[in-house]
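> I would like to see how this sequence folds:
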Amino acid sequence: MLSRREKQNLLYLGIGIVTGVIITGLIMYFGVISNFTKENIVKIYKIFPNSDSTKVATEDLTLYKGKQQEKKPNTKSADTSFILIEKEVIVEKDTIFSEEPSITIKADMKIAEAIIPITYSTKDTLADPKPASARKNELLIEQWDNPTNFAGYRKTQNKLIVYGIDIDNIELQSIDDNLYLIFNNKKLLLKESDSFLHYPSDFLK
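Purely as a prediction, here's the structure:
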């Protein structure tokens, strides 16, 4: 039979062994978790290189690498791999900022403008000519260019916009109060419109 003191000593011994096993297990568990977390911080930094949390984590990882190097002065491979990872991240950031798409938008462009005189005539010799005071002797003409090579015009009361023909090769003629555009010896009756009108198919030939 064991005495009471011997039983107490055996109980304390068992409690000490169990406590030591539990503490050893906890230390190993947290050590594995810590190593796994710090080794994967680099992957997180590559995905989110600009986040503040990643910068903090990177600083912790650098400190951790320094401690590892103090413990193992001959293991240079770990520190070298970390430096290579930093360089790789910098290259990726530069690549992202350099790939900016350039967009070119083409639009209509005014080439020239001029005030061209209007020549008046009449086919009907018996018709009363329009008084000189009521005549419009000139008209502002603008020449425009279109990326789609549109050919046409728009006539308003005080301006004529033309596409597809040279402003230096046109004339304006009023016949019986109808205004005509003369181009390459061809005559086109101008109509006032809020939208652009195409030239007839045989006008530019």
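
> tell me which stretches of this structure form strands.
Ranges of strands in the chain, per DSSP state E, are 109-121, 138-145, 152-155, 159-163, 170-175, 178-183, 186-189, 197-198.

> show me the shaky parts of the protein.
Using pLDDT under 70 as the threshold, the predicted model of the chain has low-confidence ranges 1-2, 34-102, 104, 124-134.

> quick one, longest helix in it?
With secondary structure taken from DSSP state H, the chain has its longest helix at helix 4-39.

> elements contacting that helix?
Using 3 or more CB pairs under 8 Å, 6 or more residues apart in numbering; DSSP states H and E as the contact criterion, the neighbours of helix 4-39 among helices and strands are helix 52-71. (Each C-beta comes from the backbone N, C-alpha and C, glycine too.)

> ok, now how distant is the spatially closest residue to Leu160 that is not a sequence neighbour from Ile15?
Take Leu160 and drop its neighbours on the chain: the residue closest to it by CB to CB, 6 or more residues apart in numbering is Ile141, 4.8 Å away. If you measure Ile141 against Ile15 using CB to CB, to the nearest Å, the figure is 108 Å.

> look at those two and report which has more neighbours.
Neighbours of Ile141 and Ile15, each counted by other CB atoms under 10 Å, are more numerous for Ile141; the result is 20 against 10.

> can I assume the more buried one is in contact with Val162?
Yes - in this structure Ile141 lies within contact range of Val162 using CB atoms under 8 Å: 6.4 Å.

> quick one on the thing from earlier: which one of the strands of the chain lies nearest to Arg5?
Using CB to CB as the measure, strand 109-121 is the one of the strands of the chain that comes nearest Arg5, at 108.8 Å.

> partners of that closest one in the sheet?
Strand partners for strand 109-121, identified by DSSP bridges, are recorded as strand 138-145 (antiparallel), strand 170-175 (parallel).

> turn the ones you listed into a markdown table, including distance to Phe196.
Rendered in a markdown table, the data for the strands paired with strand 109-121 read as follows (distance: least, CB to CB, whole Å):
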| stretch | distance to Phe196 |
| --- | --- |
| strand 138-145 | 10 |
| strand 170-175 | 17 |
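
> which one of those lies nearest to Lys7?
Short answer: strand 138-145, nearest of the strands paired with strand 109-121 by CB to CB, at 109.1 Å.
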